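Student: sequence-free structure coming up:
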């Protein structure tokens, strides 16, 4: 079955345009209830800070209550908090209303099962198969009830604290916390403060329309300036729904997801707690692969997307993986990518070793990497064109074993994404330009 609505991370789109409309959310709730709780049950619903979140929250609540499902509402909380609390509170499934790092004009709806894990493709397809049926309204005796999960934030903060050694605090640490005006705007600075840190909050004043606007993990310049400006020891920036994190060291240098994975892998190697391979993606920096090789740690590459990283970790018995964007998965701590927990893991390494973040990250050399997007007439597979394949082969021959080329079609728009990395930035830039010219010649507008 070809899925019409579910993508790699739930359903997402521009508010007011199909499928992100109130009537669709109502039908989605009824369809999900028929698949996930046919005899009734409980759903936990969280959201980020977008102004449209209230609208979709109300529509989902109405659809579930009408179908006989009880609803627990958390208000704004990070996506990984809903994963944790769905299992802790015994809900049958969880929902997050968020478009992650997208601008406020977008929104999305994603699901977790009762174990706090993302739904399988088969279950998403079963929900889609029910979407054309009209919403169900049971009689008054069978209706669900809606309540506020008043202790949700405190429960999630307690869980986060449980992932670092008991008694460990962050006293004497000055930390800049950028919550992207998103779902973690309350919980992130409060958690750091509770652990004893001197917290400097930025991106923690949402107004419904400023989520991810000039701040957060996709816009770390504000974080860099603030860390050096207030002479902080470290800073971290989450994305709008709190499942990604990037950090900034005391010198104002960005530490991305690849470097965070390296720091955590090395620490777990030294404590002999690392199991299985570390998993990245085809876009992970070659420097991560080589640094892990020096540690005698196996490294595997999945397709882009945290869902693919998670699947590969599970199939190979691994516990640690992630993406350059900062979506890091620590399966020895939780079931999904969690920006706050990742930040805590790195901060605990800093506390235990007494090393600054810059020193911890220095063990991994980052290779220059150039990314280009080439618009094409229609979605195509670039690996099926002989001329493009020849151009890729020539680039790979010039780079040798100390470089990589990745060409892939975007999953959401008619674009070919080109990535070239190697030791020499000038060479990498030139090769990326040649590949872009080849793609335009074969497929371009």
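Tutor: Good, I have the coordinates. This structure is a prediction, so every number in the text was calculated from the model and none was measured.
Student: From here on, just use CA atoms for contacts and neighbour counts.
Tutor: Noted.
Student: Identify the residue spatially nearest to residue 267, adjacent ones excluded.
Tutor: Spatial nearest neighbour of residue 267, chain neighbours left out: residue 349 (7.2 Å); criterion: Cα to Cα, 6 or more residues apart in numbering.
Student: ok, now residue 9?
Tutor: residue 110 (6.5 Å).
Student: wait, residue 96 sits on residue 82?
Tutor: Yes - Residue 96 is in contact with residue 82 according to Cα atoms under 8 Å; the separation is 7.0 Å.
Student: So these two - more neighbours on which side?
Tutor: A count of neighbours by other Cα atoms under 10 Å puts residue 96 above the other of residue 96 and residue 82, at 29 against 25.
Student: does the more buried one count as helix, strand or coil?
Tutor: Under DSSP: H, G, I helix; E, B strand; the rest coil, the three-state class of residue 96 is strand.
Student: what about residue 153, which helix or strand?
Tutor: Secondary structure from DSSP states H and E places residue 153 in helix 152-161.
Student: Can you name the element that comes right after that helix?
Tutor: Later in the chain than helix 152-161, the nearest helix or strand by DSSP H and E is strand 174-178.
Student: on contacts alone, who are the packing partners of that next one?
Tutor: Using 3 or more Cα pairs under 8 Å, 6 or more residues apart in numbering; DSSP states H and E, the elements in contact with strand 174-178 are helix 187-194, strand 198-202, helix 221-229, strand 234-238.
Student: give me that answer again for 6 Å
Tutor: Judged by 3 or more Cα pairs under 6 Å, 6 or more residues apart in numbering; DSSP states H and E, strand 174-178 is in contact with strand 198-202, strand 234-238.
Student: Next, the angle helix 221-229 makes with that strand.
Tutor: If you take axes from the mean of the first three to the mean of the last three Cα atoms, to 10 degrees, strand 174-178 sits at 170 degrees to helix 221-229.
Student: Could you quantify the relative orientation of the helix or strand harbouring residue 70 and helix 152-161 as an angle?
Tutor: In the assignment (DSSP H and E), residue 70 maps to strand 69-76. With the same axes, to 10 degrees defining the directions, strand 69-76 sits at 70 degrees from helix 152-161.
Student: Strand 69-76: which residues count as buried?
Tutor: Neighbour counts using 16 or more other Cα atoms under 10 Å place 69, 70, 71, 72, 73, 74, 75, 76 of strand 69-76 among the buried residues.
Student: Describe which strands that strand pairs with in its sheet and in which direction.
Tutor: As defined by DSSP bridges, the strand partners of strand 69-76 come to strand 41-47 (parallel), strand 146-148 (parallel).
Student: Dump these to CSV, plus distance to residue 249 and mean pLDDT.
Tutor: As requested, the strands paired with strand 69-76 are arranged in CSV below (distance: least, Cα to Cα, whole Å; pLDDT from 0 to 100):
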stretch, distance to residue 249, mean pLDDT
strand 41-47, 30, 98
strand 146-148, 39, 97
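Student: Could you list the domains of this structure?
Tutor: The chain breaks down into these domains under automatic domain parsing: 11-152, 156-253, 255-361, 369-443.
Student: Double-check that the residue nearest to residue 9 belongs to a helix.
Tutor: No - using three-state DSSP, the assignment for residue 110 is strand, not a helix.
Student: you'd agree it is up against residue 96?
Tutor: Yes - here residue 110 reaches residue 96: they are 5.3 Å apart, a contact under Cα atoms under 6 Å.
Student: Tell me the helices and strands packed up against the longest helix belonging to the chain.
Tutor: Of all segments of type helix in the chain, defined using DSSP state H, the longest is helix 425-443. In terms of contacts (3+ Cα pairs under 6 Å, 6+ apart), helix 425-443 is packed against strand 415-421.
Student: hmm, 10 Å instead?
Tutor: Counting by 3 or more Cα pairs under 10 Å, 6 or more residues apart in numbering; DSSP states H and E, the packing neighbours recorded for helix 425-443 are strand 369-375, helix 386-399, strand 404-409, strand 415-421.
Student: tell me the pLDDT at residue 305?
Tutor: You'll see residue 305 listed with a pLDDT of 88.
Student: what does residue 381 give?
Tutor: 89.
Student: go on, residue 32?
Tutor: 98.
Student: Over to residue 226?
Tutor: For residue 226, pLDDT reads 98.
Student: Tell me who's in contact with the closest residue to residue 193 other than its chain neighbours.
Tutor: Nearest residue to residue 193, sequence neighbours excluded (Cα to Cα, 6+ apart): residue 199, at 6.2 Å. When contacts are counted by Cα atoms under 10 Å, 6 or more residues apart in numbering, residue 199 touches 173-177, 188-193, 232, 235.
Student: if you set the cut-off to 8 Å instead, what comes out?
Tutor: Counting by Cα atoms under 8 Å, 6 or more residues apart in numbering, residue 199 touches 174, 175, 176, 177, 189, 192, 193.
Student: quick one: residue 86 and residue 57, what's the gap?
Tutor: Distance, residue 86 to residue 57, by Cα to Cα, to the nearest Å: 17 Å.
Student: who's more crowded, the two?
Tutor: A direct count of neighbours by other Cα under 10 Å for residue 86 and residue 57 places residue 86 higher, at 26 against 23.
Student: Quick check: the more buried one is in a helix.
Tutor: Yes - per three-state DSSP, residue 86 lies within a helix segment.
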